[in-house]
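> please work out how this folds:
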Amino acid sequence: MSERGAWIGLVVGACGLAMTVLVLARGGGYFVVVPRLAYAVPLAVVGAVTALAVIGVGRATFNAVAWLGVVALAGLGWNFFVYWLKFGNAVWEVLLPRARPLGVDFRDGLYDPARAFSTVHSGWPPLTLLLGRPFTLVSLSAGYDIQVCVLVALALVAVVLSARLAVKAACADDLPGRKVDAPLVGLVMGLWLLTSYGFMYEIDRGNIDLYALVFSLLAMWLTIRSSRSAWLPAAVLALAIGLKLYPAILLVMLFWRYRWRALAPVVVTTAVALLVAGPAALRHSLAALSSLQAGVHAEWWGQDSATAMAHVLRDHTGWAPSWVGYPLLIVPLALWAVTMVTLVRRGWNDRNAVLAAAACVPPMAIVPAVSNDYKLVLCVLPLAVLAVVVATMERAPAAAWAVLFGAVAFLMIFLARSTIVVAPSLQASKYTLLVALQVLLLVVVPLGAQERREPAPAAPRSA
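Numbering: from 1, shown residues only. So this is what the prediction gives:
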């Protein structure tokens, strides 16, 4: 890797620094200056770190994943401490869309439905009735405290699984200065996830996206490790689908891996997970979910879905037509389909499987009409995969590598940034960031010097 690509980072950093100086020179008070710096400071940081990463990797003195750790620290500083210095402990009221009581999703989606053993008002799949049942043995407040501890533990498990999966997407092995291992990836992505706005939002509401994420990651790990039977991966993935329906997109991975052998395991395990509380519970859950999906708040931009983005465009621009939601939905679905077809045609191996699993994550947040920002915790897998792929590229030109590294760094900062502190709505929407994440995943699919195929079975030794 040549150091010539450092100029790209220097240009971006200089632009961000110039914007920062201009904003500070104009002044206007805290509530004017800080929002105006929402792009200037991150651009300055991303540009500087990109230039340093190009130089460091070119000299084989520092790993690119570690530089992304610097980006995560910078994002933490801007996304949290710049507001904490002003508001102190009241910073949560600024960063999060607070609801009363604390843990309202835990109460309305898990605790109360489990106590009544009914999904009439929850809109969550029936398996959540069984998940919430143990919490009803204690009070609501104690149950929420336990839920917070469980969510933190699940976040750590998700980081470990994401890191273990991501290293399988490395472009080549034993590249000088660019070898990555799971502990380093886990450390960087753990820093990103545990300090991100999506994780804070998940904790505040007491939602269960991290449950679904962990089961989904474990199912993908088992799918990659096991080539004989689809029953265990299908059963674990069914648990994820039984808690949140959106992991069903990962069923394509099972059919890719096992072909027709996945049919019976998928049908049986998914049916059990959805009907575990009885057909009536499933029917009530679907009815409540349909009603919820139809009630997207046009004025609220703290959602990731194409439907919410369409509302934002219609309400805050004068040019968006009534049918704008259709292309907003078609574009991410088309990107996902192209990525999957490309990977399937290249054949099953660890790298392609991990890239495909990562490509399934953005549609999980974009397709459902109601998709609040706590779903951003799901991005830990695609970001980890992109970090590893970019860090282990062998033959990419320096300029192209700098652009890709800077794009990953940019997404890490902005996907972790609070939506509440950024206005107007178009600037705050995470929809465009998720689509950009899809584009990056599609771009890196053909990159990499060595495609690692599954080893062929060893021939039997002659007597």
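> tell me where the model's unsure across the stretch 101-250 of the chain.
172-179 (pLDDT under 70).
> let's see 90
Along the stretch 101-250 of the chain, segments meeting pLDDT under 90 span 101-102, 118-123, 169-182, 225-229.
> next, give phi and psi for the residue most central in space within the chain.
When Cα atoms, centre = their mean is applied to the chain, the residue found nearest the centroid is C379 (1.0 Å). Backbone geometry at C379, expressed as degrees, to the nearest 10, gives phi -70, psi 0.
> which residues touch A248?
If you count contacts by Cβ atoms under 8 Å, 6 or more residues apart in numbering, A248 has them with I241, T270. Any C-beta I mention is one placed from the backbone N, CA and C, and that applies to glycine too.
> please redo it, this time with the cut-off set to 6 Å
Taking Cβ atoms under 6 Å, 6 or more residues apart in numbering, we find A248 in contact with I241.
> gap between it and S229?
Separation of A248 from S229 (Cβ to Cβ, to the nearest Å) stands at 20 Å.
> ok so, going back, what's the spacing between the residue nearest to the centre of the chain and D209?
11 Å.
> and A64, by the same measure?
29 Å.
> on the three-state scheme, F414 is what?
helix (DSSP: H, G, I helix; E, B strand; the rest coil).
> quick one, grab the pLDDT at it.
You'll see F414 listed with a pLDDT of 92.
> then T392?
In this model, T392 carries a pLDDT of 85.
> that one: how many residues sit nearby?
For T392, the neighbour count with other Cβ atoms under 10 Å is 25.
> circling back: quick check: the residue nearest to the centre of the chain vs A74, distance?
Per Cβ to Cβ, C379 is found 18 Å from A74.
> again, but for N89
Distance from N89 to A74, by Cβ to Cβ: 23 Å.
> between the two, which is the more surrounded one?
The neighbour count for N89 versus A74, taken as other Cβ under 10 Å, is higher for A74 (20 against 7).
> in which helix or strand does that one reside?
Counting by DSSP states H and E, the element that carries A74 is helix 64-76.
> go ahead and confirm L282 touches P126.
Yes - L282 is in contact with P126 according to Cβ atoms under 6 Å; the separation is 5.4 Å.
> between these two, who's got more neighbours?
P126 (27 against 18).
> quick one, what contacts that one?
Listed by Cβ under 6 Å, 6+ apart, the contact set of P126 reads T119, V276, A277, A281, L282, S285.
> can we see that at 10 Å?
By Cβ atoms under 10 Å, 6 or more residues apart in numbering, the contact list for P126 reads 113, 117-119, 242-243, 273-286.
> what does L292 give?
Contacts of L292 (Cβ under 10 Å, 6+ apart): S122, G123, W124, P368, A369, V370.
> next step: those restricted to helices.
Among the contacts of L292, DSSP state H puts none in helices.
> spatially, which two of these are the most separated?
Greatest spatial distance in the contacts of L292: S122 and A369, 17.0 Å, computed using Cβ to Cβ.
> the two: which is more packed in?
Taking neighbours as other Cβ under 10 Å, S122 and A369 compare with S122 leading, 26 against 20.
> gap between the more buried one and L292?
Distance, S122 to L292, by Cβ to Cβ: 9 Å.
> overlap in contacts, L282 and P126.
T119, L274, L275, V276.
> which among those end up buried?
When the shared contacts of L282 and P126 are checked for burial by 16 or more other Cβ atoms under 10 Å, the buried set is T119, L274, V276.
> closest to F405 out of the residues you listed?
Nearest to F405 out of the buried ones among the shared contacts of L282 and P126 is L274 (Cβ to Cβ; 42.2 Å).
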